[in-house]
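[1] one predicted model, sequence on top.
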Amino acid sequence: MKVAVLGCGGLGHVHARAYAGIEGVELTAVCDIDAGQAHRLAEELGVAAYADFDVMLGEAEFDVVSIAVPSWLHHAYAVQAARAGKHVVCEKPIALTAEDAREMIEVCEANGVRLFIGHVVRFSPDYVQLKRALDNGAIGSPGVAHASRKGEHPAATHPWYADEAKSGGVIVDFMIHDLDFLRWSFGEVARVFAMVRHDEHLEYALVTLEFESGAVANVEAYWGYPGPFQTKAELAGSGGIVQASSLDSSSIRVHRKASASESGPFDAIPGSPGFQTPYELELRHFIACIRGEVQPIVTAEDALQALEIALAAKESSRIGHPVQLAPTAQGNRGGGHR
């Protein structure tokens, strides 16, 4: 299978290097509007370099394209690639509007190609173990969740992030990781309430999700955080709590109610980072899906639902009231806890 990468920034490098290490996959080309950046990556990996996607589509041989460009460009390039008969792997968010996301899905279906969106948290060992603990009944019936994600403001190095029309802001670009994870874990969201504060140096969002099951989650996202990048997640249920923190050396912990057969209330699940990054695991999985070997862990419909939750949160922060999500807007059930 032949693959090309569009966008040679940080994630473009990650995608290109990962593909170069997948057996049976040949990276044939990379493309970036910054020709120098494309040539440097191409030289490192021994592939062709392009500065124009149209030219790469016409000249290079590839079956799959990874789209790792700024968010406001996802829709246009995905649609163009699909119409050219290429399978599409696209970084999150799927798009900046639900209408664009739906068109991406529809065009890919109409042209007989697959569309995968990089919700990489579903491949992170920490979060996978959280989900496994929930599904295995380690915490009983789920009730409450907390998740947070904090880091420096990306606009410091990439100014387009400061333009909400291009990035979607901290909820659509950053918090969407946790929105997707929580929907995957707890099922469909019924109602959203959000508050956002931002200035030129920071953007902070606090979102409360009420799930159709009655469970509730509080989610934080913070651009401009003065400390190191960090993530935390906690799922609580009738029988205990499962926690993960990127700052802990032993990152996954399950706290359960004591029983007569246990020596204490604490049960630890060690982290298992392995030698592959979540991005490598994700891309290997997408290739296996295209080959028909496995079913997708995360679908384009899941990505659309995560975007719709994020957009509802933005609307709630604008109007100052909760926003109800219509059941028909989340018609594809995303593998939540049942």
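    On my side now, so go ahead.
[2] tell me the pLDDT at the closest residue to residue 180 other than its chain neighbours?
    With CB to CB, 6 or more residues apart in numbering as the criterion, residue 180 has its nearest non-adjacent residue at 3.9 Å, and that residue is residue 306. In this view, the C-beta of every residue, glycine as well, is placed from N, C-alpha and C. At residue 306, the model reports a pLDDT of 98.
[3] residue contacts, residue 306?
    92-94, 119, 176, 179-180, 183 (CB atoms under 8 Å, 6 or more residues apart in numbering).
[4] following the one helix or strand it maps to, which helix or strand comes up?
    Element membership for residue 306, per DSSP states H and E: helix 300-319. Using DSSP H and E, the helix or strand that directly follows helix 300-319 along the chain is strand 323-324.
[5] can you pull out the strands in the stretch 51-200 of the chain?
    Chain-ordered strands for the stretch 51-200 of the chain, with DSSP state E, counting those that start in this stretch as the definition, fall at 64-67, 87-91, 115-118, 142-151, 189-198.
[6] and of these, who's closest to residue 214?
    strand 142-151 (7.9 Å; CB to CB).
[7] what's that closest one packed up against?
    helix 176-186, strand 216-223, strand 230-237 (3 or more CB pairs under 8 Å, 6 or more residues apart in numbering; DSSP states H and E).
[8] reformat those as TSV; add distance to residue 311, mean neighbour count and mean pLDDT.
    Compiled in TSV, those are given as follows (distance: least, CB to CB, whole Å; neighbours: other CB atoms under 10 Å; pLDDT from 0 to 100):
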stretch	distance to residue 311	mean neighbour count	mean pLDDT
helix 176-186	10	25	98
strand 216-223	14	22	98
strand 230-237	22	21	96
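[9] any chance of a markdown table for those, columns distance to residue 72?
    As requested, the helices and strands packed on strand 142-151 are arranged in a markdown table below (distance: least, CB to CB, whole Å):
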| stretch | distance to residue 72 |
| --- | --- |
| helix 176-186 | 15 |
| strand 216-223 | 17 |
| strand 230-237 | 25 |
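[10] and the ones you listed: which comes nearest residue 99?
    helix 176-186 (17.1 Å).
[11] now do that closest one against strand 216-223, angle only.
    160 degrees (axes from the mean of the first three to the mean of the last three CA atoms, to 10 degrees).
[12] show me what helix 176-186 is packed against.
    helix 125-135, strand 142-151, strand 203-211, strand 216-223, strand 230-237, helix 300-319.
[13] so can I have TSV of the ones you listed showing distance to residue 12?
    As requested, the helices and strands packed on helix 176-186 are arranged in TSV below (distance: least, CB to CB, whole Å):
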stretch	distance to residue 12
helix 125-135	24
strand 142-151	19
strand 203-211	24
strand 216-223	21
strand 230-237	23
helix 300-319	19
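[14] of those, which approaches residue 98 most closely?
    helix 300-319 (5.6 Å).
[15] just the buried positions in that closest one, please.
    Judged by neighbour count (16 or more other CB atoms under 10 Å), helix 300-319 contains these buried residues: 300-314, 316-317.
[16] got the angle between that helix and strand 203-211?
    Put simply, helix 300-319 runs at 110 degrees to strand 203-211, going by the same axes, to 10 degrees.
[17] now helix 300-319, how far from the chain's geometric center?
    13 Å (CA atoms, centre = their mean, to the nearest Å).
[18] now residue 15, nearest residue through space, not along the chain?
    residue 66 (4.3 Å).
[19] for that neighbour, give me its contacts.
    Counted by CB under 8 Å, 6+ apart, residue 66 has contacts 3-7, 12, 15-16, 19, 89-90, 283.
[20] please point out which parts of stretch 159-174 sit buried.
    Here stretch 159-174 shows 161-162, 164, 166-174 as buried, counting by 16+ other CB under 10 Å.
[21] reformat these as TSV; add distance to residue 199.
    Below are these laid out as TSV (distance: CB to CB, whole Å):
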residue	distance to residue 199
161	14
162	11
164	13
166	18
167	16
168	18
169	13
170	12
171	16
172	18
173	17
174	16
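[22] and which of those is nearest residue 231?
    residue 174 (10.4 Å).
[23] that closest one and residue 148 touch, don't they?
    No: using CB atoms under 8 Å, residue 174 makes no contact with residue 148, being 10.7 Å away.
[24] quickly list what's touching both of the two.
    residue 221.
[25] for the nearest residue to residue 246 once chain neighbours are set aside, what are its contacts?
    Among residues not flanking residue 246 along the chain, residue 231 sits closest, at 4.6 Å (CB to CB, 6+ apart). Shown in contact with residue 231 (CB under 8 Å, 6+ apart): 147-150, 244-246.
[26] same check on residue 209?
    Here residue 209 is in contact with 179, 182, 189, 191-192, 216-219, 309 (CB under 8 Å, 6+ apart).
[27] hey, what's it bridged with?
    In this structure, residue 209 bridges to residue 192, residue 217 when assessed by DSSP bridges.
[28] report pLDDT for it.
    At residue 209, pLDDT is 98.
[29] switch to numbering from 149
    Shifting the count to begin at 149 puts that one at residue 357.
[30] follow-up on the earlier one: redo the strands of the stretch 199-348 of the chain as TSV? Include mean pLDDT.
    Below are the strands of the stretch 199-348 of the chain laid out as TSV (pLDDT from 0 to 100):
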stretch	mean pLDDT
strand 212-215	98
strand 235-239	98
strand 263-266	98
strand 290-299	96
strand 337-346	97
